[in-house]
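1. Just to be clear, the model below is a prediction. Sequence and coordinates:
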Amino acid sequence: MSTVGYQTIKFEVRGHTACVTLNRPEVLNAINDEMIAELAEVYAEVETSQDIWTVIITGSGRALCVGADVNKAADHDMENAAGIDNQGEPILSSLRQWEAPQEATPPWLQMTKPIICAVNGIACGAGLDLVTTADITIAAESATLMDPHVSIGVASGREAVRLARILPLPVAMRLVLMGRHERLSAQRAYDLGIFTEVVPDADLLERSWEIAEVVNANAPLAVRGSRMAVRKGLTLPINEAELLAENYRMKVALTKDAIEGPRAFLEKRPPQWQAR
């Protein structure tokens, strides 16, 4: 099933998997205000839908995403010069404006459903956020990573912080400080643990759908509880993280799927998950 009506993205649902494709290939999927608004709408739909269990994020053309549209950045007003993206709202009138800007990033710490990022080409600047916040990453052989902020006169903010959480610090600092003069190839990123798999370009999306189907073969609420235990636990001391994870385990234990899983195992049949 495809959802129509979007100008900057494509949205497709197959079974229990949704695929969000950034679709401004003529500018390497640079992020503009319209894309931000459309992605926010789609991410909300993914999270609230009872039928969507997993989401894939990828890009069309030669790039996953090269970050904010330079034309927009060069034309910002004085309010936005302070780093505040008001998206047409009165300045500092919403909680969103007080938080770190997310641009194309899913609300990864608020949503429960697993995120697969299929890196089809160049990912740089704010486009790196899609890589660093995904739960599972898969890359085409042509994929490359770069953080060009300092090369265009901008400090690398949340992008640098997120890179430093998933990379050895010297590698992250080299990317951040060398700007557009340093890139990670798909193989190098795989060796460093950013990508979990590298495949031929032509196989990227098919393999991404396959991975999503494997995830969806498991109990969806147990998957979400496990994902949140890890994601939210990383922001806590280990003892509090373990207590939070056990709290999620107890919540999932009260669901119908928690009964269906052992029953299907004993009856030697595939489980019929209901996500309830």
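-> Here it is on my side, so go on. Since we're looking at a predicted model, the values are computed, not measured. Residues are numbered from 1 along each chain as shown.

2. In the stretch 1-150 of the chain, where is pLDDT below threshold?
-> Applying pLDDT under 70 to the stretch 1-150 of the chain flags the ranges 1-4, 72-86.

3. Which stretches in it count as helices?
-> Remark: helices assigned in the stretch 1-150 of the chain by DSSP state H, counting those that start in this stretch are 33-48, 70-74, 78-81, 95-98, 128-132.

4. how about these in TSV, adding mean neighbour count and distance to residue 110?
-> In this view, the C-beta of every residue, glycine as well, is placed from N, C-alpha and C. As requested, the helices of the stretch 1-150 of the chain are arranged in TSV below (neighbours: other CB atoms under 10 Å; distance: least, CB to CB, whole Å):
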stretch	mean neighbour count	distance to residue 110
helix 33-48	17	8
helix 70-74	12	25
helix 78-81	11	24
helix 95-98	12	12
helix 128-132	25	15
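
5. now residue 256, nearest residue through space, not along the chain?
-> Of all residues not flanking residue 256 in the chain, residue 276 sits nearest, at 5.3 Å (CB to CB, 6 or more residues apart in numbering).

6. actually residue 258, not the one I typed
-> Here the residue nearest residue 258, using CB to CB, 6+ apart, is residue 252, at 5.9 Å.

7. What ranges does the stretch 151-276 of the chain have for its strands?
-> Secondary structure of the stretch 151-276 of the chain (DSSP state E, counting those that start in this stretch): strands at 184-185, 198-199.

8. The first one packs against which elements?
-> For strand 184-185, the contact count by 3 or more CB pairs under 8 Å, 6 or more residues apart in numbering; DSSP states H and E identifies strand 144-146 as packing neighbours.

9. rerun that using 10 Å as the cut-off
-> Counting contacts by 3 or more CB pairs under 10 Å, 6 or more residues apart in numbering; DSSP states H and E, strand 184-185 is packed against strand 144-146, helix 169-178, helix 186-191.

10. Using JSON lines, please lay out the strands of the stretch 151-276 of the chain together with mean neighbour count and distance to residue 37.
-> Shown next, in JSON lines, are the strands of the stretch 151-276 of the chain (neighbours: other CB under 10 Å; distance: least, CB to CB, whole Å):
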{"stretch": "strand 184-185", "mean neighbour count": "18", "distance to residue 37": "31"}
{"stretch": "strand 198-199", "mean neighbour count": "20", "distance to residue 37": "32"}
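
11. Residue 25 is nearest to which of those?
-> Set against residue 25 and scored by CB to CB, the strands of the stretch 151-276 of the chain come closest in strand 198-199, at 20.4 Å.
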